[in-house]
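Peer 1: Fold the following and give me the result.
(one chain, ligands or ions: 3)
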Amino acid sequence: MGLIVQKFGGTSVADVERMRNVAGHIIAEADRGNSVVTVVSAMGVMTDDLVNMIAEITDDPPAREMDMLLSTGEQISIATLAITLHAMGREAVSLTGPQVGIETDGAHGKARILKIADARVREALEAGKIVIVAGFQGTSRDMEITTLGRGGSDTTAVALAAALKADRCDIYTDVDGVYTADPRILPEARRLDAITYDEMLELASKGAKVLNSRSVELAKNFSVPLRVLNSMNPGPGTMVVKEYEHMEDFVVSGVTVNEHEAQISIIGVPDKPGMAAKVFKTLGDAGIAVDMIIQNIGSDKVNDISFTVGEADFSRAKEIAEQLVSEMGAIEVQTDDSIAKLSVVGVGMKSHSGVAGNMFQALADAGINIQMVSTSEICITCLIDVGQVRDALKALHKEFGLGKTAQSVSN
Ligand code: ADP
Ligand code: ASP
Ligand code: MG
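Peer 2: Ligands and ions are numbered 1, 2, ... in the order given. Predicted structure coming up:
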């Protein structure tokens, strides 16, 4: 008899019929003799609806009150699912993040889990109950309700699986697993049987929202066996693992895109030591995370410094850049929010050369201009025009043969 943590996303619990479907998966797992802890997200697009409602009132709501509001979505889901299970003759108990004892830091809207008390969950499991936990939420040390950031229910599930030393964490979603590209953008994308934690972490942090990147980080750190599968049609899904057979045969495992960043350029910065430090220190002090950076060495002893930031930080970063222009004696600020970050990811890049060249050539052949580039050991990212995303994904998917190959799982 094992312990399985499951997580069902918003689409999977969108209405009463889907709640019954979810209850069916829980019951099937329990009938296999397993203890089951199930984490659920808010029903359908309820979190988006709440965010949009507040946007009609103000564009600067207090972060504490936003967490108070957004955490209600998951509370509706857990109670509804527990009632559904009762109606199907099963003993279930719903618990909010605070009731479980999911302790976070105090960063409203992007809180990090500090620790999880497992006593209440274990007690309920020992009493033979199915435990339903609200995703995406916790409490800070001073008893404030916090949320973990969008897509945070994945993180709740993996953190619980780690704390409870679960045998597996199953992430049920609305696609058949992790694909070589977002299957909703690229129909020819192929489901992967397996992907490494490192590759999944790169894909998730570069925009593939099928798994929240912090959940993958936790799964990697605590070696949680993670599976992604479709709640409406559960097949083999995708195993996220430390390594799989023949993994070095696959130079690139997937391509992904992030359209939620914007570019800021400070034009005509005097070419002297300390200028770049001033820009990025000022942004850092304001709590703005900068992503890609490029500095063009111009003529006449001036440089252009360009960088990208997430869309949520864009207007503040622009204001700061404008202040810096006068302080540094630069010429002007230019901005572009019609950009997209395109990434190819693959553990095989460690041992194969020429991936960047092939990527750039494929984009050039498709008439796509590259504005910035950044690389890591297993990932190459290019900044392109947002209007060319589909063509770029298509070109790279073809270039790296992602539609054809197959792999097998070794652990
Ligand atoms: P949930 O509500 O279950 O958490 P999400 O909407 O957060 O689901 O994530 C699932 C979505 O992720 C899919 O519908 C798909 O459009 C998107 N996605 C992006 N990249 C990928 C990828 N490489 N593989 C699978 N799905 C992806
Ligand atoms: N309901 C939250 C969101 O929409 C958390 C989640 O679904 O993972 O972001
Ligand atoms: Mg999600």
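Peer 1: what's the span of stretch 360-376, first residue to last?
Peer 2: 16 Å (Cα to Cα, to the nearest Å).
Peer 1: Same check on stretch 188-205?
Peer 2: So stretch 188-205: terminal residues 23 Å apart, Cα to Cα.
Peer 1: ok, now stretch 238-257?
Peer 2: In stretch 238-257, first residue to last residue: 20 Å (Cα to Cα).
Peer 1: could you give the mean pLDDT of it?
Peer 2: The average pLDDT within stretch 238-257 is 88.
Peer 1: Check the offset of it from the chain's centre.
Peer 2: Taking the mean of its C-alpha atoms, stretch 238-257 sits 18 Å from the chain's own mean (Cα atoms, centre = their mean, to the nearest Å).
Peer 1: And it, what's buried?
Peer 2: 238-241, 244, 247, 250-257 (16 or more other Cβ atoms under 10 Å). Glycine gets a C-beta too; all of them are placed from N, C-alpha and C.
Peer 1: quick one: contacts for the residue lying closest to residue 4 once chain neighbours are set aside?
Peer 2: Nearest in space to residue 4, with sequence neighbours left out and distances taken as Cβ to Cβ, 6 or more residues apart in numbering, is residue 34 at 4.9 Å. By Cβ atoms under 8 Å, 6 or more residues apart in numbering, residue 34 lies in contact with 1, 2, 3, 4, 167.
Peer 1: now do residue 4
Peer 2: Residue 4 makes contact with 29, 34, 35, 36, 37, 166, 167, 168, 169, 170, according to Cβ under 8 Å, 6+ apart.
Peer 1: Equivalent analysis for residue 17, please.
Peer 2: With Cβ under 8 Å, 6+ apart, residue 17 has no contacts at all.
Peer 1: Run through the residues of this structure sitting next to ligand 3.
Peer 2: Residues of the chain lying close to ligand 3 (Cβ under 5 Å from the ion) are 9, 151.
Peer 1: Have a look at the chain and report its longest helix.
Peer 2: Ranked by residue count, the top helix of the chain under DSSP state H comes out as helix 63-87.
Peer 1: starting at the chain centroid, how far to that one?
Peer 2: 21 Å.
Peer 1: is ligand 1 contacted by it?
Peer 2: No - using Cβ under 6 Å from any ligand atom, helix 63-87 stays clear of ligand 1, coming no nearer than 11.5 Å.
Peer 1: hmm, who's touching that helix?
Peer 2: Here helix 63-87 makes contact (Cβ under 8 Å, 6+ apart) with 13, 16, 19-20, 22-23, 26-27, 38, 40-43, 46-47, 50-51, 54, 91-97, 108-109, 111, 130, 132-137, 144-147, 153.
Peer 1: Flag every buried residue along it.
Peer 2: Buried positions in helix 63-87, judged by neighbour count with 16+ other Cβ under 10 Å: 66-67, 69-74, 77-78, 80-82, 84-85.
Peer 1: which element follows that helix toward the C-terminus?
Peer 2: Counting by DSSP states H and E, the next helix or strand C-terminal to helix 63-87 is strand 92-95.
Peer 1: Partner strands of that next one, with direction?
Peer 2: strand 130-134 (parallel) (DSSP bridges).
Peer 1: before we move on, back to that, make a ChimeraX selection of whichever of the contacts of residue 4 turn out to be buried.
Peer 2: In ChimeraX syntax, the buried subset of these is picked out as below (16+ other Cβ under 10 Å):
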select :29,34,35,36,37,166,168,169,170
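Peer 1: Of the contacts of residue 4, which is the nearest to ligand 1?
Peer 2: For those, the residue nearest ligand 1 by Cβ to the nearest ligand atom is residue 170; the value is 11.8 Å.
Peer 1: Make CSV from the buried residues of stretch 238-257 and add secondary structure to it.
Peer 2: Formatted as CSV, the buried residues of stretch 238-257 follow (DSSP: H, G, I helix; E, B strand; the rest coil):
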residue, secondary structure
238, strand
239, strand
240, strand
241, strand
244, coil
247, helix
250, coil
251, coil
252, coil
253, coil
254, strand
255, strand
256, strand
257, strand
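Peer 1: any weak-confidence spans in this structure?
Peer 2: By pLDDT under 70, the weakly predicted segments of the chain are 248, 404-411.
Peer 1: Enumerate the residues of it near ligand 1.
Peer 2: 9-12, 41, 151, 173-175, 178-179, 181-184, 203, 208-210, 254, 256.
Peer 1: In helices, which of those residues fall?
Peer 2: Those of these mapping onto helices are residue 203, per DSSP H.
Peer 1: Report the entries of the residues of the chain next to ligand 1 that also contact ligand 2.
Peer 2: Restricting the residues of the chain next to ligand 1 to those near ligand 2 by Cβ under 6 Å from any ligand atom leaves 9, 10, 41, 151.
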